[in-house]
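> model the structure of this input:
(4 chains)
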Number of protein chains: 2
Amino acid sequence: MDGSLAEHEGLPSERTIAEQHSVSRMTAHKALEAIEAEGLAYSEDRRGRFVSPPRINYNVNSMASFVTDAKRQGVEIEVELIADKKAIADAKLATSLFIAEGSPLFERTRLFSSSGHTIFFETEFIAPELCPELRKPGIRSGSEKLLGERYGTLGHTADIVVRMAPIQPSDAAFLGVTAWQVGIEQEQIVRKKDGTAFCFVRQVWRGELVQFSAQAIENR
Amino acid sequence: MDGSLAEHEGLPSERTIAEQHSVSRMTAHKALEAIEAEGLAYSEDRRGRFVSPPRINYNVNSMASFVTDAKRQGVEIEVELIADKKAIADAKLATSLFIAEGSPLFERTRLFSSSGHTIFFETEFIAPELCPELRKPGIRSGSEKLLGERYGTLGHTADIVVRMAPIQPSDAAFLGVTAWQVGIEQEQIVRKKDGTAFCFVRQVWRGELVQFSAQAIENR
DNA sequence: GCCAAATATTGGTATATACCAGATTATTTA
DNA sequence: TAAATAATCTGGTATATACCAATATTTGGC
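Next up is the predicted model:
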């Protein structure tokens, strides 16, 4: 990445580095964690530590999706569907979508990875009761169709909230990452043109692997 | 913040918590660090740990500045000017602004704090050679004027890059925070209407204290 | 009651040690 | 040669201990 080290090249072990620098292993471990947080290296549990490829840039202004945008940089993103099922609205979802707690939902979770490393995952909840237009004749009403067409069929706006937060253990498992390490969480409430919320989206990103770019036009 | 604890209320010490949970102090320390990263508590070196106020929301779509936006939520932001001087373009600045290394610049750094806690700081570099329009008669050419009027006088666009990264020691000192804890870094290259870059802005945020919101309009 | 000095407490940090369980490598066996 | 076994190495984690230096608190003297 920095020119002198090849991507995915193995680094010396924590114990070796600790000894080389006359430092305890715990200290070396903490230092290496900071290097990981810089996006310069990544670790695989019980395998070793390796040089990271450069951060992937996501231009949030580009009309393109993350996958398309990455491809433009020569980075291939693999998308894996790891959950596609019926779910029930919990308190938070019910409030967000203005539906009753316990209402049926479709839930879909996908992992977005690059060369085997998950960059982020996304869970979408869609309320079929809120989009009858997707069930009119000729359109299947399965979750695949509902969720797959949410962008195409329904013009929409989205309320987005982004925060930096430690990654909870269940999310860390999806990302293949140590629990409590800090990441980026995004939540969206997607609305139809008339303002009705019909879809809730949650993303959790490994923040050390990406950077976000944008072009702002200040017009005053 | 969660209803049962008052903002800025003191928490038990690390040693006490460790003993209460039959856990070593280091373990308690790590757990408390995660709680800080959630934005639920903050620590002050050698004083104790306290309950955090809720995260401040910054609506990036609002035409308002962070200060104004916070005020709307009832949060008063204090702005402190901690540097206002002449500087010299280093390699990075020179490249960003398309000027020669060593060119004169004005540099201004301001801290943005809420009830004594710095939320983020911002350093601006402006190249006077790139905006002669600010030196025409009637406009002072001091850094105060140059930087103060950059938004008002010069219509502009900005190229923005945002990344999650550990906070370097020098930046951590500004923020009153432990070095290497993870934060949010933002860099902007501000351009005039004709596309000429004239200003470089760098912000470092304590990501655990804020959340960013936006409204997206998807029009396809 | 007031002020100064001594003491206790605090978070931050570093060390040495230990265990875990999977991954990797070396060795042995058939 | 190939497969099975043993030894080694790995990062992740937890513990007990220790020191630092600033802050709070208590104590002592007047």
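
> can the top helix by length along chain A be said to contact DNA strand C?
Secondary structure of chain A per DSSP state H: the longest helix is helix A:25-37. Yes - Helix A:25-37 lies within reach of DNA strand C by Cβ under 7 Å from any atom of the strand, at A:25, A:26, A:27, A:30. In short, each C-beta sits where N, CA and C put it, glycine included.

> which among those end up buried?
Taking 16 or more other Cβ atoms under 10 Å in any protein chain shown as the criterion, nothing in the residues of helix A:25-37 next to DNA strand C is buried.

> show me which residues of chain A sit near chain B.
A:30, A:34, A:37-39, A:55, A:57, A:63, A:151, A:155-166, A:180, A:182-184, A:188, A:207-208, A:210-220 (Cβ under 8 Å from any Cβ of the partner chain).

> show me how to select, in ChimeraX, the buried members of these.
Command for ChimeraX that selects the buried part of those, burial taken from 16+ other Cβ under 10 Å:
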select /A:34,37,38,39,55,57,156,157,158,160,161,162,163,164,165,166,180,182,183,184,188,207,208,210,211,212,213,214
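
> among the residues of chain A next to chain B, name the ones in strands.
The members of the residues of chain A next to chain B that map onto strands under DSSP state E are A:57, A:156-166, A:182-184, A:188, A:210-218.

> other residues contacting stretch A:94-108?
A:81, A:83-91, A:93, A:123-130, A:143, A:146-147, A:189, A:196-200 (Cβ atoms under 8 Å, 6 or more residues apart in numbering or on different chains).

> hmm, I was thinking of stretch A:113-122
Contacts of stretch A:113-122 (Cβ under 8 Å, 6+ apart): A:8, A:42, A:53, A:56, A:66, A:70, A:75-80, A:82, A:109-112, A:171, A:174-177, A:184, A:201-206, A:209-210.

> chain center to that stretch: distance?
8 Å (Cα atoms, centre = their mean, to the nearest Å).

> do stretch A:69-77 as well
That offset, for stretch A:69-77, works out to 16 Å (Cα atoms, centre = their mean).

> which residues are contacting that stretch?
With Cβ under 8 Å, 6+ apart, stretch A:69-77 has contacts from A:53, A:56-59, A:62, A:64, A:66-67, A:112-115, A:119.

> can you show me the CA trace of it as CSV?
C-alpha atoms of stretch A:69-77 as CSV (Å, rounded to 0.1, in the frame of the first residue of the first chain):
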residue,chain,number,x,y,z
ASP,A,69,-18.5,3.1,-7.6
ALA,A,70,-16.0,0.6,-6.4
LYS,A,71,-15.8,-1.2,-9.7
ARG,A,72,-14.9,2.1,-11.3
GLN,A,73,-11.8,2.1,-9.0
GLY,A,74,-11.0,-1.4,-10.1
VAL,A,75,-12.3,-2.9,-6.9
GLU,A,76,-14.7,-5.8,-7.3
ILE,A,77,-17.3,-6.1,-4.6
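
> so where is chain A shaky, pLDDT-wise?
Low-confidence segments of chain A (pLDDT under 70): A:1-3, A:132-155, A:219-220.

> could you pull out the helices for it?
Using DSSP H, the helices found in chain A span residues A:14-20, A:25-37, A:66-72, A:91-97, A:143-148, A:150-153, A:169-175.

> let's have these in TSV, adding distance to residue A:105.
As requested, those are exported to TSV (distance: least, Cβ to Cβ, whole Å):
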stretch	distance to residue A:105
helix A:14-20	44
helix A:25-37	35
helix A:66-72	24
helix A:91-97	7
helix A:143-148	9
helix A:150-153	13
helix A:169-175	18
